[in-house]
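# Please find the sequence and the predicted model below.
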Amino acid sequence: MNDGDVQAQQREVQRLLGRCLLRLQQYERLMKAIVAHHDISGPAHALESIRAARVDDAFTKTLGTLMGRLFGSCVVTEGADTAADDTASEPVDTIHFAMRMQLSLSAEDYARTQSDLKELVQLRNTLVHHFIDQHDLWSTDGCLTARDALVAAYERIDKHFEQLRSWADHMDQARRLAAEFMQSDAGYDLMVNGIAPDGTVNWPAAGIVRVLREAANELAVDGWTPVAAAGRWIMERNPEQQPKKYGCASWRQVLHESRLFELRCRDLDGQRAACYRVRAE
């Protein structure tokens, strides 16, 4: 073949190499988005700045570093206990939000996927740094060999990209469902009132406990608040916070079920009345 034919083969190699590199860049961008957005926690007022910081941090990382962050955090083995109490050190008077999305794989699939992605990182490094050293691009045979290698490389990269895109699609679907739930009445009850969809109550986070504390701050005498007076005070200011909403028949049952208050009968103006105070921690 003449020089013109070799140059034509070289241009085809360049086209195929460029196709591989562009697909790798798409893969890296998608990986950065998943790593940045699968997990977020912090005070409600700071969530946007926290999210932006995570995005900026992810977009400075190499593919190998991103892989390390992906496994064990976003991609986990079935049954792995990865839950963390991100609210433990937060002030009790601050609304704190935490969300994590994870893909759970069997131990076998986890190990195989991790190994496959390590090979992808090696392939990426070879294409970027060593490809020209491995192929004689100044001969016809060398160009043909390089072309075959690039076609095979693209197939591998594209397979991994489609897998990653399916993970991202599932994450987006989960995010949409979570957003729909949080905007529903059931989501509001869970976040604001501590009432789970199955009716169980997280009493420390319950809205009715919050207003009982507020009533105690306003009405307590010698540290004790009359239950009846607190009920009237709450009805005037927070009428939606009633015992029935929490599966209780009375204010006294709320105080008892929550286990966050002391309940005692005391003399008030010559009469016995049920009173409560916040239980000491």
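The structure has been received and is ready for your questions.
# so what's the backbone phi/psi at T77?
When read as degrees, to the nearest 10, the backbone of T77 gives phi -90, psi 150.
# That one contacts T113, doesn't it?
No - using CB atoms under 8 Å, T77 is not in contact with T113; the gap is 10.6 Å. C-beta: built from backbone N, CA, C; applies to glycine.
# Overlap in contacts, those two.
L105 (CB atoms under 8 Å, 6 or more residues apart in numbering).
# in stretch 157-166, what counts as buried?
Within stretch 157-166, the residues scored as buried using 16 or more other CB atoms under 10 Å are 157, 160-161, 164.
# likewise stretch 204-216?
Buried residues in stretch 204-216 (16+ other CB under 10 Å): 206-212, 214-216.
# and that stretch, how far out from the chain's middle?
Distance of stretch 204-216 from the chain centroid (CA atoms, centre = their mean, to the nearest Å) equals 28 Å.
# Give me the contact list for that stretch.
Looking at stretch 204-216 with CB under 8 Å, 6+ apart, the contacting residues turn out to be 192-195, 203, 225, 229-230, 233-234, 237-238, 241-243, 245-246, 254-255, 258, 260-261, 276-278.
# Count the residues that sit near P243.
17 (other CB atoms under 10 Å).
# just checking, it touches A249?
Yes - between P243 and A249 there is a contact under CB under 8 Å: 6.5 Å.
# now the strands for the stretch 1-150 of the chain?
39-43, 75-77, 96-100, 103-105 (DSSP state E, counting those that start in this stretch).
# so what pLDDT did E281 get?
Listed pLDDT for E281 reads 68.
# Could you do T87 as well?
Value for T87, per-residue pLDDT: 53.
# where do the helices sit along this protein?
3-37, 47-58, 63-70, 107-125, 131-134, 140-182, 185-188, 207-219, 227-237, 251-258 (DSSP state H).
# the inter-axis angle of the longest one versus helix 107-125?
Using axes from the mean of the first three to the mean of the last three CA atoms, to 10 degrees, the interaxial angle of helix 140-182 with respect to helix 107-125 works out to 130 degrees.
# relative to helix 63-70, how tilted is helix 140-182?
30 degrees.
# What mean pLDDT does helix 140-182 get?
On average, helix 140-182 scores 94.
# Now find how far off-centre that helix is within its chain.
For helix 140-182, the distance to the chain centre is 22 Å (CA atoms, centre = their mean).
# Please apply the same query to the fourth one.
For helix 107-125, the separation from the chain centroid amounts to 23 Å (computed by CA atoms, centre = their mean).
# So for it, what gets flagged as buried?
Applying 16+ other CB under 10 Å to helix 107-125 flags 110, 113-114, 117, 120, 123-124 as buried.
# center of the protein - which residue?
R100 (2.2 Å; CA atoms, centre = their mean).
# re the thing from before, would you reformat the buried residues of stretch 204-216 as CSV and include distance to L30 and pLDDT?
Shown next, in CSV, are the buried residues of stretch 204-216 (distance: CB to CB, whole Å; pLDDT from 0 to 100):
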residue, distance to L30, pLDDT
A206, 41, 93
G207, 40, 94
I208, 45, 96
V209, 43, 96
R210, 42, 94
V211, 46, 96
L212, 48, 97
E214, 47, 96
A215, 52, 97
A216, 52, 96
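# Neighbouring strands of the helix or strand bottoming out on mean pLDDT in the chain in the sheet, and parallel or not?
Counting by mean pLDDT, DSSP states H and E, the chain has its least confident helix or strand at strand 96-100, which shows a mean of 82. Sheet pairing of strand 96-100 (DSSP bridges) gives strand 39-43 (antiparallel).
# in the partner strand, what's buried?
By neighbour count on 16+ other CB under 10 Å, the buried set for strand 39-43 is 39-40, 42.
# Also stretch 231-251?
So stretch 231-251, judged by 16+ other CB under 10 Å, has buried residues 231, 233-234, 241-243, 245-246, 248, 251.
# closest one to G4 among the strands of the stretch 1-150 of the chain?
strand 75-77 (49.3 Å; CB to CB).
# which other helices and strands contact that closest one?
With contacts taken as 3 or more CB pairs under 8 Å, 6 or more residues apart in numbering; DSSP states H and E, strand 75-77 sits against strand 103-105, helix 107-125.
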